[in-house]
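Asker: Everything below, folded, please.
(one chain, ligands or ions: 1)
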Amino acid sequence: MLQISNLSKTYPNGVQALKDVTLDISNGMFGLLGPNGAGKSSLMRTIATLQDADSGSIVFDGIDVLTNKQELRKTLGYLPQEFGVYPKVSAEEMLHYIARLKGVNNDKERNELVKALLEQVNLYNHRSKFLAGYSGGMKQRFGIAQALIGNPRLIIVDEPTAGLDPAERLRFNNLLSEIGENIVVILSTHIVDDVSELCNDMAIIAGGRVVKRGNPEGLLNEYQGKIWSKRVAKDEVAHYQQNYQLVLSKLSGGKMVVHIYSEVDPGNGFERERATLEDIYFANIS
Ligand code: ADP
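Answerer: This is a model prediction of the structure:
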């Protein structure tokens, strides 16, 4: 169980990235969904002990994360948004190196571990290739392999599918879904489909605040029957924005479609729409 309580953070430039964030997260795949600049990475880096908060607390399985960083790191697997450098070192060598850092000193044990990880993330056939030459999807799969070293009980994955093509994204999400359900996995993303495909629990964060919290099924039930859609001309969108609680406007087959939130039938040619996580996301971030 991960308990984040009243966490706030203001950067030296005055940007308040986290505002009184409170979240209790249990075992399973948790989706932290929010637009760019919402504060997701700030929260992920704070949980991963890479930066401090101004106030609040984080406790994971009895470990006070903000004061006992070393203890948390022993049980943490972290896939950052950007690795930064991909050295001219093979995936296999790099995994050996990281495994040694994490204390897997026995050669036989380490060899078996590295081989199993390379197979698990489907990189065994590319094990001798330099990381620098890996594709985006391969880099992310390598990222998961290194995060899994040391049997972590908490895994943080920060915007893993941004920049992956659809096939790479599918492969990566399938891999994520295989990670055990008996540990806490936090997936931070701005991609609604990642959360609807993978997560059994979620929060939406915007402007540094948690604006919605629940499981996808419960949230969908909450919005069912309250989302209405209509095809409109492109230049009419502003009118609907002013006169209705506009959730989103999007192109569909070259035509503009608006979705609005209304607890009663708004009439005026609107049709009831099956609520999706995308509706819930846009209804809460604007
Ligand atoms: P997200 O991961 O959701 O895109 P971030 O946590 O990266 O959001 O950023 C939240 C806000 O904090 C943004 O306005 C961003 O510009 C700002 N920010 C992030 N990191 C820093 C930093 N090191 N110094 C100053 N501002 C930062």
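
Asker: what's the span of stretch 97-112, first residue to last?
Answerer: Using C-alpha to C-alpha, to the nearest Å, one end of stretch 97-112 lies 14 Å from the other.

Asker: Buried ones in that stretch, by neighbour count?
Answerer: I98, A99, K102, V104, R110 (16 or more other C-beta atoms under 10 Å). (Each C-beta comes from the backbone N, C-alpha and C, glycine too.)

Asker: remind me which residues of the chain are low pLDDT?
Answerer: 84-85 (pLDDT under 70).

Asker: Enumerate the residues of it near the ligand.
Answerer: When proximity is defined as C-beta under 6 Å from any ligand atom, the chain approaches the ligand at Y11, N13, V15, A17, G34, N36, G37, A38, G39, K40, S41, S42.

Asker: that's a helix at the fourth one, yeah?
Answerer: No - the assignment for A17 is strand, going by DSSP: H, G, I helix; E, B strand; the rest coil, so no helix is present there.

Asker: tell me how far the host helix or strand of N111 is from the chain's mean position?
Answerer: Taking DSSP states H and E as the criterion, N111 maps to helix 107-120. Distance, stretch centre to chain centre, for helix 107-120: 27 Å (C-alpha atoms, centre = their mean, to the nearest Å).

Asker: So which residues of the stretch 1-150 of the chain form helices?
Answerer: Using DSSP state H, counting those that start in this stretch, the helices of the stretch 1-150 of the chain run over 40-47, 69-73, 91-101, 107-120, 136-148.

Asker: Kindly compare burial across the ones you listed and name the winner.
Answerer: Most buried of the helices of the stretch 1-150 of the chain, by mean neighbour count (mean count of other C-beta atoms under 10 Å): helix 40-47, with a mean of 24.

Asker: Identify the residues contacting that one?
Answerer: For helix 40-47, the external contacting residues (C-beta atoms under 8 Å, 6 or more residues apart in numbering) are 2, 4, 7, 9, 17-18, 21, 32, 34, 51-53, 58, 60, 65-66, 78, 80-81, 154, 156, 158-159, 186, 188-190, 205, 208.

Asker: if you set the cut-off to 6 Å instead, what comes out?
Answerer: K9, A17, L18, L32, G34, Q51, A53, I58, Q81, I156, D158, S188 (C-beta atoms under 6 Å, 6 or more residues apart in numbering).

Asker: Kindly report the same for stretch 66-80.
Answerer: 48-49, 58, 63, 65, 143, 147-148, 152-158.

Asker: what about L187, which SS state?
Answerer: strand.

Asker: Do I have it right that it meets D158?
Answerer: No - L187 lies out of contact with D158 (C-beta atoms under 6 Å); the separation is 8.5 Å.

Asker: who has more neighbours, these two?
Answerer: Neighbours were tallied for L187 and for D158 using other C-beta atoms under 10 Å; the higher tally belongs to L187 (26 against 22).

Asker: Any idea what that one is bridged to?
Answerer: Beta-bridge pairing for L187 (DSSP bridges): G31, V157.

Asker: Please shift the residue numbers so they start at 21 in all later answers.
Answerer: In the new count, where the first residue is 21, that last one comes out as L207.

Asker: Confirm E256 sits in a helix?
Answerer: Yes - counting by three-state DSSP, E256 is part of a helix.
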